[in-house]
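# Generate a structure from the sequence data that follows.
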Amino acid sequence: MTDNVPQPIILPDNHEPANTSSDSGPAHSGGSPVFYVALTAVIFLVLGLLIAFAVLSGGDDNGVSQDELRQAVREAVSTQVAALAPLQMGEDGSLNQDTLDDMINQAVGTQVAALQPTNTPIPPTPTPIPIDVTANDDAFLGPEDAPIVIVEFSDFQCGYCGRWANETLPQILENFPTEVKFVYRDFPIFGDESIQAAMATECAEEQDSGAFWQMHNRLFVRMDAETRDPLNGDTLTSYAGDIGLDTNAFRECLDSERYYDEVISDARTASAWGFGGTPGFIINGTVYPFGAQPFATFEQIILSELAKLNS
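A predicted model of the protein is given here:
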C-alpha cells in the first residue's frame, strides 16, 4: 500500500531534530515505570495503526468518532497487555481498568485533535516577516499591489497541497479578486522528483510567465491519477509539450538544473521560518504553519487583515 508514497528528505543545514523528550508525564500509582512506558507505547502504536487505517479507507469522510476509536483501541490493547504484565484489578497499586481507560482516553484525545481542522487559525509566530521578503520574486496570481499577500510553500508530490490548490485557492481568488495576491514558493520535502517538478515550473516560466501556472496545475492534476507518472525528465518534458512549450528548450533548461539553487533556497527559507511540512502559508508577513485548511479559515484571516488595514 505504501510503495508509491514518496519518502520525505531532510534539507541540510537548517533542520534540527525535534525535541521529543518530556520532563514529566502522567503519574500512576504503583507498578513498574518500564511497564507503563511499554504500555503507553502499545496504546499509541495500536491507535496510530487504527487511525491510519481509518484515514486511508475513509475517502472524503472526515468524521472521526472518538468513542469508536477508544473501543477499538481498548479491544486491541487488551490482547497485547498480557505480553507486558497481567492486568490486575483492584486498588493494590497495580494497573487497574480505570487507569488503562484514562491512558487510552488521553491518547485518543491527543491524536484525534491532530486530525481535525481547527475552527480558528493556529496562533502564528509573533514577529511578522516583511511582506516583500516573504513574496520574494516568485510567480504570483492576482494584483501585484493587492493589500493581502498569501505566500504558499508547497510540494508537487503533496496530496494535501494538490487538494488545497484545486479546491481552496480558486475560492480565495474568486471571492477576493482585487484584495489577494497569491505567491507560490517551493518546499520540495519529498525528494529528487519534487525538486525536478519545482525546476520544471521555473523552466516553463522561462518560456512564458503564464506557463508557470499551467505546469503548476498539470503537476497537481497528476496527483489525482490512480497511477502516477514518475516525475523524471521524460514525463516533465511531455507535460511541457501538453501545454504548448518548446520541448527542446524546456528539456535543455531542465537538464541544466539552472534553477536548482533557487528551488533549494526557497526550501531552506521555509525551514528557517519554522515550516515542518507542506503546505505552509505566510499571510501579510505572518507565518501560519497549519496545513491545508478550508476556505473558511483563510476567509477569516483575510477579513481580519483587511479590517486592520481599514482601521
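
# Can you report how many residues lie near residue 261?
Residue 261 is flanked by 9 other residues according to other Cβ atoms under 10 Å. (C-beta placed from N, C-alpha, C; glycine too.)

# what's the distance between it and residue 202?
11 Å (Cβ to Cβ, to the nearest Å).

# again with residue 241
17 Å.

# Of these two, which one has the most company?
residue 202 (20 against 12).

# contacting residues for the more buried one?
212, 253, 259, 262, 263 (Cβ atoms under 8 Å, 6 or more residues apart in numbering).

# possible to save the residues you listed as CSV with pLDDT, neighbour count and secondary structure?
Output for the contacts of residue 202, formatted as CSV (pLDDT from 0 to 100; neighbours: other Cβ atoms under 10 Å; DSSP: H, G, I helix; E, B strand; the rest coil):
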residue, pLDDT, neighbour count, secondary structure
212, 96, 22, helix
253, 97, 21, helix
259, 96, 20, coil
262, 94, 17, helix
263, 95, 22, helix
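
# Closest to residue 276 out of these?
Using Cβ to Cβ, residue 263 comes nearest to residue 276 of the contacts of residue 202, at 18.4 Å.

# In contact with the closest residue to the closest one other than its chain neighbours: list those residues for me.
Once flanking residues are discounted, residue 263 sits nearest to residue 198: 4.4 Å by Cβ to Cβ, 6 or more residues apart in numbering. Applying Cβ under 8 Å, 6+ apart, we find residue 198 in contact with 156, 186, 188, 259, 263, 266.

# Quick check: residue 198 vs residue 300, distance?
When residue 198 is compared with residue 300 (using Cβ to Cβ), they lie 30 Å apart.

# likewise residue 227?
38 Å.

# Which of the three states applies to residue 277?
coil (DSSP: H, G, I helix; E, B strand; the rest coil).

# Let me see the domain layout of this structure.
Annotated domains of the chain cover 33-115, 131-310 [automatic domain parsing].

# Now the weakest link among those, please, by mean pLDDT.
Lowest mean pLDDT within these: domain 33-115, at a mean of 55.

# re earlier: now for the contacts of residue 198, which pair is the farthest apart?
156 and 259 (13.9 Å).

# element containing the closest residue to residue 211 other than its chain neighbours, please.
Once flanking residues are discounted, residue 211 sits nearest to residue 204: 4.0 Å by Cβ to Cβ, 6+ apart. Assigning secondary structure by DSSP states H and E places residue 204 in helix 192-207.
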